[in-house]
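>>> predicted model and sequence follow; I will ask about them next.
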Amino acid sequence: MDITTIAAQVFTEQGHALLAQAGQLPRDFTHAVEAMLQTQGKVIVCGMGKSGIIGRKIAATLSSTGTSSFYVHPGEAFHGDLGMIAAGDCVLLISNSGETEEVRRLLPYLKHIRATIIAITGKPDSTLGRQATFTLALPLNREACPNNLAPTTSTTLTLVLGDALAIALMARRKFQPEDFARFHPGGALGKKLLSTVADVMHTELPCNQPGDSFQQVVGNITAGCQGLSVIRYPGQAAIGIITDGDLRRAIEHHQDLKSLSAADIMSRQPRSIAATSSLSEAEAMMQQHKVTALLVLDEQRLPVGIVKSFDL
């Protein structure tokens, strides 16, 4: 069997396992989501080895989507980290066999403090599966590993089950993009959702009056370096806009350019957006109307700037 066939088989086997899991979600899934939603403390995730690596990702996803969570290494827990787990917490324990010693050893303490225990395991009849408050069983037949030893399909199922928990919690919390951005203020998404158009707009606004000549419009667009000119009377709302594209179309369709006024070639009712709108709203509007610039308006609907696609 060649390498590409082996690789394709891994994708196929894990894909079938994921579809099987989608078709038979764990019986306690809804109860687990509600328990995590209602917990007064945090969601603590524990797992050893590859399960621990997946657990770290699950905790990170939960934290970034509105469910306060962190990972505790089960081995370190018995050297002082048990103090990080309190009675009001919900503890998500991951063990495919359900018999991982370091994870099993946590059970007496968690039961003593009456923490809610959610188990993710491939063996619901294991020690972990039986003693958990809620058990999320993985429908696992075998690993993708040819020796059925290396954690592969089981970790994929666990990862996706963790994502399913996080997304279900997002839906229950009505977690919006703006909420997500508050946890990601340093990235591009945070900038788009938290910054406003006023933060990035160009305030030097090239303007012409409707009666200005073609030559005056060209000169103003060139001097303004924005690739456009707003058509308005002084102190009034915009009645149109002329872009580089409008100039090219005028040149193509008119022989006597000197006879043209700004009103003859402007695009009426230019696309506009409020200065207080988010950058994500500006991006969506540009995509919807297939434009690369928007006129920015203040509370009186007067033009105060221009925002362009490269500003986003």
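Thanks, I have the structure now.
>>> find the nearest non-adjacent residue to A263, please.
For A263, ignoring the flanking residues on the chain, the nearest one in space by Cβ to Cβ, 6 or more residues apart in numbering is P210 at 3.9 Å. Any C-beta I mention is one placed from the backbone N, CA and C, and that applies to glycine too.
>>> ok, that neighbour - contacts?
231, 233, 239-240, 261-263, 266 (Cβ atoms under 8 Å, 6 or more residues apart in numbering).
>>> also G75?
G75 makes contact with 48, 102 under the criterion Cβ under 8 Å, 6+ apart.
>>> how near is it to P108?
Using Cβ to Cβ, to the nearest Å, G75 is found at 16 Å from P108.
>>> how confident was the prediction at the residue nearest to A263?
In this model, P210 is scored at 91, pLDDT.
>>> can you classify it by secondary structure?
Of the three states, P210 takes coil under DSSP: H, G, I helix; E, B strand; the rest coil.
>>> ok, G55 next?
Here G55 is recorded as helix under three-state DSSP.
>>> so it sits against L92, correct?
Yes. Proximity of G55 to L92 meets the contact threshold set by Cβ atoms under 8 Å, at 7.4 Å.
>>> now do the shared contacts for the two.
45-46.
>>> redo the contacts of P210 as a markdown table? Include distance to A144, neighbour count and pLDDT.
Formatted as a markdown table, the contacts of P210 follow (distance: Cβ to Cβ, whole Å; neighbours: other Cβ atoms under 10 Å; pLDDT from 0 to 100):
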| residue | distance to A144 | neighbour count | pLDDT |
| --- | --- | --- | --- |
| I231 | 64 | 25 | 91 |
| Y233 | 70 | 12 | 92 |
| I239 | 65 | 17 | 89 |
| G240 | 62 | 19 | 90 |
| S261 | 71 | 17 | 91 |
| A262 | 67 | 25 | 91 |
| A263 | 69 | 16 | 91 |
| M266 | 63 | 22 | 91 |
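>>> quick one, domains of this structure?
With domains defined by automatic domain parsing, the chain comprises 3-175, 197-311.
>>> comparing these by mean pLDDT, which bottoms out?
Among the domains of the chain, domain 197-311 has the lowest mean pLDDT, at a mean of 88.
>>> and the end-to-end length of that domain?
Length of domain 197-311, first residue to last, Cα to Cα, to the nearest Å: 9 Å.
>>> same question for stretch 211-229.
For stretch 211-229, the first-to-last residue distance is 13 Å (Cα to Cα).
>>> now do stretch 259-275
One end of stretch 259-275 sits 36 Å from the other (Cα to Cα).
>>> now do the helices in the stretch 151-300 of the chain.
Remark: helices assigned in the stretch 151-300 of the chain by DSSP state H, counting those that start in this stretch are 153-173, 177-182, 188-194, 197-200, 214-224, 244-253, 262-265, 279-289.
>>> just put those helices in a markdown table and tack on distance to A119.
Output for the helices of the stretch 151-300 of the chain, formatted as a markdown table (distance: least, Cβ to Cβ, whole Å):
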| stretch | distance to A119 |
| --- | --- |
| helix 153-173 | 11 |
| helix 177-182 | 28 |
| helix 188-194 | 33 |
| helix 197-200 | 47 |
| helix 214-224 | 65 |
| helix 244-253 | 61 |
| helix 262-265 | 70 |
| helix 279-289 | 39 |
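>>> what's the closest of these to D298?
helix 197-200 (9.0 Å; Cβ to Cβ).
>>> neighbouring contacts of that closest one?
Contacts for helix 197-200 (Cβ under 8 Å, 6+ apart): 273-279, 281-282, 294, 296, 305, 307, 311-312.
>>> looking at the helices of the stretch 151-300 of the chain, spot the one closest to T133.
helix 153-173 (14.5 Å).
>>> what about the closest one, distance to the chain center?
When C-alpha coordinates are averaged (Cα atoms, centre = their mean, to the nearest Å), helix 153-173 and its chain have centres 15 Å apart.
>>> which strands and helices sit next to it?
Judged by 3 or more Cβ pairs under 8 Å, 6 or more residues apart in numbering; DSSP states H and E, helix 153-173 is in contact with helix 3-23, helix 29-38, helix 49-64, strand 116-121.
>>> ok, S272 - contacts?
Here S272 is in contact with 238, 294-297, 303 (criterion: Cβ under 8 Å, 6+ apart).
>>> do that again at 10 Å, thanks
The contact partners of S272, taken as Cβ atoms under 10 Å, 6 or more residues apart in numbering, are 237-238, 241, 285, 294-297, 301, 303, 307.
>>> relative to E281, how far out is the closest residue to A223 other than its chain neighbours?
Among residues not flanking A223 along the chain, P206 sits closest, at 7.0 Å (Cβ to Cβ, 6+ apart). Distance, P206 to E281, by Cβ to Cβ: 24 Å.
>>> neighbour count for the two, which is higher?
Taking other Cβ atoms under 10 Å, P206 and E281 do not tie; P206 has more neighbours (20 against 17).
>>> so the more buried one touches V218, yeah?
No. With contact defined as Cβ atoms under 10 Å, P206 does not reach V218; the gap is 11.1 Å.
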